[in-house]
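# Here you go, sequence then predicted model.
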Amino acid sequence: MNKVTINKADPNSSVGGRLNQLALDYMAYSLAGSKEDSTTNETFNQLWRWDNNRFSHQYAFEAKMGKQTLGMITCYPITLMNRLAWPTFLKLLSYRKWGLIGYNLMNWKECYSMITLKEGREDEFHIGTLAALPESRGLGVGSALIRFAEEQAVLQGYLKCSLTVKKENLLAIKLYEKIGYQKTGEIEKPALSLYRMSKKLV
């Protein structure tokens with residue numbers, strides 16, 4: 001039986017953009033400037049292929065069994081993630097143009113929440129997005145990806161790893177707590193309700 005392996009993400013992955021969307025859930029609409037599936041899908045596929053943005057393959061790793069991708073994680077120091085905010089916005093604006101502006105003017109509360117979102121502290125290594133395909137459930141893909149991110153954190157000299165999770169995602173919260181993450185704060189903004197969670201690594 002094949003085992004799950006973690007590999008540097010492929011810019012040509014057929015599911016990288018989709019997995020970022022799965023991780024973001026409803027937050028993807030504000031970033032793509034659309035609730036249309038085709039527009040949102042193509043926007044995140046572009047972000048995945050491009051460098052220098054927080055949803056890029058450049059900062060992602062894929063969990064595979066054989067040649068099949070089962071899940072994905074993006075992870076980086078919080079300081080790097082914060083530096084990527086502006087380049088990410090510029091790429092989105094260049095690609096979606098007035099569609100992005102129009103959507104966010106009509107849904108300004110969502111836009112405000114995304115712009116002012118503070119996901120972690122500067123001494124943390126951060127899991128930006130994490131998702132597994134539905135058919136991979138029960139294979140330990142999520143846990144394997146988190147362990148890999150924690151290893152990357154230690155290699156880069158970080159003592160803490162952090163993430164955010166929607167408050168209604170009880171299964172994910174249970175998993176994170178099981179592997180040592182603790183709630184360290186709450187984010188309550190219009191159209192956004194999250195827990196901050198972190199884990200001491202050494």
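On my side now, so go ahead.
# Show me what the lowest-mean-pLDDT helix or strand in the chain is packed up against.
Within the chain, confidence by mean pLDDT, DSSP states H and E is lowest for helix 108-115 among all helices and strands, at a mean of 85. Packing partners of helix 108-115 (3 or more CB pairs under 8 Å, 6 or more residues apart in numbering; DSSP states H and E): helix 27-32, helix 98-106, strand 192-200. Just so you know, the C-beta spots here come from the backbone N, C-alpha and C atoms, and that holds for glycine as well.
# Show me what counts as buried in stretch 31-46.
Under the neighbour-count criterion of 16 or more other CB atoms under 10 Å, stretch 31-46 has 31-34, 39-46 buried.
# Which ones among these map onto helices?
31-32, 39-46 (DSSP state H).
# just the CA coordinates of the least confident helix or strand of the chain, formatted as PDB?
Taking Å, rounded to 0.1, in the frame of the first residue of the first chain, the C-alpha atoms of helix 108-115 are listed here in PDB:
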ATOM      1  CA  TRP A 108     -17.400  46.300   2.000                       C
ATOM      2  CA  LYS A 109     -17.800  44.500   5.300                       C
ATOM      3  CA  GLU A 110     -16.100  41.400   3.900                       C
ATOM      4  CA  CYS A 111     -13.400  43.500   2.400                       C
ATOM      5  CA  TYR A 112     -12.800  45.400   5.600                       C
ATOM      6  CA  SER A 113     -12.500  42.100   7.500                       C
ATOM      7  CA  MET A 114      -9.900  40.700   5.100                       C
ATOM      8  CA  ILE A 115      -7.800  43.900   5.000                       C
END
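# where's the helix or strand following it relative to the chain centroid, distance-wise?
Next helix or strand after helix 108-115 toward the C-terminus (DSSP states H and E): strand 124-132. Distance, stretch centre to chain centre, for strand 124-132: 5 Å (CA atoms, centre = their mean, to the nearest Å).
# angle of the helix ranked longest in the chain against strand 192-200?
Longest helix of the chain, by residue count under DSSP H: helix 141-155. Here helix 141-155 points in a direction 60 degrees away from that of strand 192-200 (axes from the mean of the first three to the mean of the last three CA atoms, to 10 degrees).
# Give me the contacts around helix 141-155.
Here helix 141-155 makes contact (CB atoms under 8 Å, 6 or more residues apart in numbering) with 4, 6, 61, 63, 70-73, 75, 125, 127, 130, 132, 160-161, 172, 175-176, 179, 199, 201-202.
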